[in-house]
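Participant: Turn this into a structure:
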Amino acid sequence: MFIIVSYFLSHHQTRNILPPPAEATPSVAPGHIRLILSHSTDVFYLEIPIPVIRSNSVRPIKYLRFLGWCIMGILGTVKSDREGVDVADNASLQGEAIYFYVYEALDDAAALQYAVDLDVIKARSAVSVSDSSVHARERAFKNSLLQRDASCIFTDKPPMFCQGAHIIPFHKGDEWFDLIVKNRPASSDEDVSTLTTVDNVRNGMLLGVEAHIATEPRQVVVLKTPNPVLTVDDIPPGHTRPLKNDIEYPDGERYTLQWLDGCAEERAVIPNNSDAKFRINTQIDKPSPMLLHYNYGAAAVKWWGRGKSHLEILNRPTMPRPSVPVPASLGPRRTKRTAAELTASIQKRTVRNTGGSGSGPRNSEAVQDEEVIDPDDVVMFFWTQNPAARERRKCEAEDRKREEEERASRTEQWRECVIAF
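Facilitator: Numbers count the residues shown, from 1 in each chain. From the prediction side, this is the model:
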């Protein structure tokens, strides 16, 4: 009897200390491809519907490179194996395949040395949506866009049926907007020094109500070409619309509206790959390419992002902070949900997304990730880690240190003069 009990206890304890079986990597959903974005692990990736890729670019592999660049802020290549050769830009897309966006790997410790505080990034403007000043800002914003856009730039709807749409949402506030601009991937093609407020005309477009409704949840986004990856010819031809005397398509460049998530009925209202038109000879700058690229990357993360977040960078004393503290939001805040509320949300989203043309089937884990991971935060994090942004923050830190030393030296000289006097 003693032997039997001892065996049972020993066997039971052994079972308890054995590691749990490793979770199998989920297979690629039918009709999709996977683009892995982490340079060393598979924990963060996009699961993209193939029809969406083919409808948005005539060169799918280049389109995958564009997505990787938008999100990571670093130019890279697409491989079918991390250690293999690059996939050619004109190669055919393989169904249910796994691709890797490969770029120069950074030292994680060095990358996080100047990481922006995600608590600051997540903060919202202190302006209440019910504040009367908001309505005045909306009117002023629309009036400034009218001087450049004349009508809805994608559907030609007249101004009375249009609204001023922000690329970076208004509710993010100027402080958050400033962080995006300062941590942009370096570009010699655009001067962003004047992008200081979310109401800047370069952060907006005049859109008809239908187009604005679709841009708010980022179902549609605007692809600016040429850019560091794609040319105007990499995008399918646009839908030609009649031109008025004072309106034209930009010469040598395209601002193309593209659907990332939406049914056929929605796309029929606003055709995919519609190109923007602007006033002729206007001196007002067009929408900022940098902000459009950022917004495209955030939208891709929202609809296709999968995997667990491993960006554990909060509460680090070395993080820089904005010189002006970001005030607390007066608007609605996202709160943690109970298990029952989260389950209900998952079921609702699963019913909506299963079999849809935009985002494909999604499991409970993926939806739970979406509940807690803000796509803006993900893209913002990676942008702050690109070499240009880290070098800029390093130079700023050195300048501040030098100014402090010079100030201390002048104070000491003044003190010595006073004592000598």
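
Participant: Report all helices and strands that whatever helix or strand E47 lives in contacts.
Facilitator: Assigned by DSSP states H and E, E47 falls within strand 45-49. If contacts are counted by 3 or more CB pairs under 8 Å, 6 or more residues apart in numbering; DSSP states H and E, strand 45-49 sits against strand 32-36, helix 60-72, helix 289-304, strand 305-306. All C-beta atoms are positioned from the backbone trio N, CA, C, and that covers glycine.

Participant: Ok, which of those comes nearest W383?
Facilitator: Smallest distance to W383 across the helices and strands packed on strand 45-49 (CB to CB): 7.2 Å, for helix 289-304.

Participant: can you give me the strands for the stretch 101-250 of the chain?
Facilitator: Using DSSP state E, counting those that start in this stretch, the strands of the stretch 101-250 of the chain run over residues 162-166, 204-208, 220-225, 247-248.

Participant: Revised request: answer the last question for the stretch 251-400 of the chain.
Facilitator: Using DSSP E, counting those that start in this stretch, the strands found in the stretch 251-400 of the chain span residues 254-259, 274-275, 278-279, 305-306.

Participant: Alpha carbons of stretch 259-273, as PDB, please.
Facilitator: Taking Å, rounded to 0.1, in the frame of the first residue of the first chain, the C-alpha atoms of stretch 259-273 are listed here in PDB:
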ATOM      1  CA  TRP A 259     -10.300  50.100 -49.000                       C
ATOM      2  CA  LEU A 260      -8.600  47.900 -46.400                       C
ATOM      3  CA  ASP A 261     -11.900  46.600 -44.900                       C
ATOM      4  CA  GLY A 262     -15.400  46.800 -46.500                       C
ATOM      5  CA  CYS A 263     -18.100  44.900 -48.400                       C
ATOM      6  CA  ALA A 264     -18.900  45.200 -52.100                       C
ATOM      7  CA  GLU A 265     -21.800  47.500 -51.400                       C
ATOM      8  CA  GLU A 266     -19.600  50.000 -49.600                       C
ATOM      9  CA  ARG A 267     -16.900  49.900 -52.300                       C
ATOM     10  CA  ALA A 268     -19.600  50.600 -54.900                       C
ATOM     11  CA  VAL A 269     -20.400  54.000 -53.200                       C
ATOM     12  CA  ILE A 270     -16.700  55.000 -53.200                       C
ATOM     13  CA  PRO A 271     -14.700  53.000 -55.800                       C
ATOM     14  CA  ASN A 272     -11.400  51.600 -54.700                       C
ATOM     15  CA  ASN A 273      -8.300  53.400 -56.100                       C
END
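
Participant: Surely M205 is in contact with Q163?
Facilitator: No. In this structure, M205 is not within contact of Q163 by CB atoms under 8 Å, at 9.7 Å.

Participant: Save the strands of the stretch 251-400 of the chain as a markdown table, and put in mean pLDDT, mean neighbour count and distance to H171 too.
Facilitator: Shown next, in a markdown table, are the strands of the stretch 251-400 of the chain (pLDDT from 0 to 100; neighbours: other CB atoms under 10 Å; distance: least, CB to CB, whole Å):
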| stretch | mean pLDDT | mean neighbour count | distance to H171 |
| --- | --- | --- | --- |
| strand 254-259 | 96 | 22 | 22 |
| strand 274-275 | 96 | 22 | 26 |
| strand 278-279 | 94 | 20 | 27 |
| strand 305-306 | 86 | 21 | 21 |
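
Participant: In JSON lines: the ones you listed, plus distance to I74.
Facilitator: Converted to JSON lines, the strands of the stretch 251-400 of the chain look like this (distance: least, CB to CB, whole Å):
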{"stretch": "strand 254-259", "distance to I74": "23"}
{"stretch": "strand 274-275", "distance to I74": "28"}
{"stretch": "strand 278-279", "distance to I74": "31"}
{"stretch": "strand 305-306", "distance to I74": "18"}
